[in-house]
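Engineer: need coordinates for the following:
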Amino acid sequence: MPALLRRHKTLTLLIAYIALSAYMISLDIRNPEQTLIIERAVMTAFGPLQRACTSAYEFASNIFETYFSLVSTNKENAKLKKSISRLKTENAQLLEAAIQNKRLRKIVKLDESRRFDSLLCSVIGVDPSKLFSSLFIDR
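Structural biologist: Just a heads-up that it's a prediction; the model follows:
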């Protein structure tokens, strides 16, 4: 074990420093009025490193938070695009139905104004020859 500690001396010192800092902070939090001069000196000496570690953690945390936010935003964007497409199709169908409704209302109005009986029908075909102008109806 000592050989491992010697090989990773920097890492070992960093871990010891972090543990010591955490211990000193916990002592300071429990009894803020009873901090020793040594504790204050250690906290003052290692304060910049603690701030650097905190800043690095917050930076990494913000990157991951932003990434996951973008992923969820992209998924929501795809859903909204599908919804827009569906609504555009539905809107076009409703406009077509409104136009057809208007046309049918005109036909019914014309039918009421005539004095003879009429029958509504649809044209289902046209004579392709130029000799006759014929229409085929469904009645």
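Engineer: do you know the pLDDT at the residue in the chain sticking out farthest from the centre?
Structural biologist: Residue distances from the centre of the chain (C-alpha atoms, centre = their mean) peak at L131, which lies 63.5 Å from the mean C-alpha position. Listed pLDDT for L131 reads 75.
Engineer: repeat for D28
Structural biologist: At D28, the pLDDT value in this model is 55.
Engineer: same check on I84?
Structural biologist: Per the predicted model, pLDDT is 96 at I84.
Engineer: and it, how many neighbours?
Structural biologist: For I84, the number of neighbouring residues by other C-beta atoms under 10 Å comes to 10. To be clear about C-beta, it is placed using only N, CA and C from the backbone, and glycine gets the same treatment.
Engineer: so how far is Q93 from it?
Structural biologist: 15 Å (C-beta to C-beta, to the nearest Å).
Engineer: got it, and T66?
Structural biologist: T66 is 40 Å from Q93, by C-beta to C-beta.
Engineer: which residues of this structure score low on pLDDT?
Structural biologist: Within the chain, the stretches with pLDDT under 70 are 1-6, 24-36, 38-40, 110-116.
Engineer: surely the residue farthest from the centre of the chain is in a strand?
Structural biologist: No. Counting by DSSP: H, G, I helix; E, B strand; the rest coil, L131 falls outside a strand, being coil.
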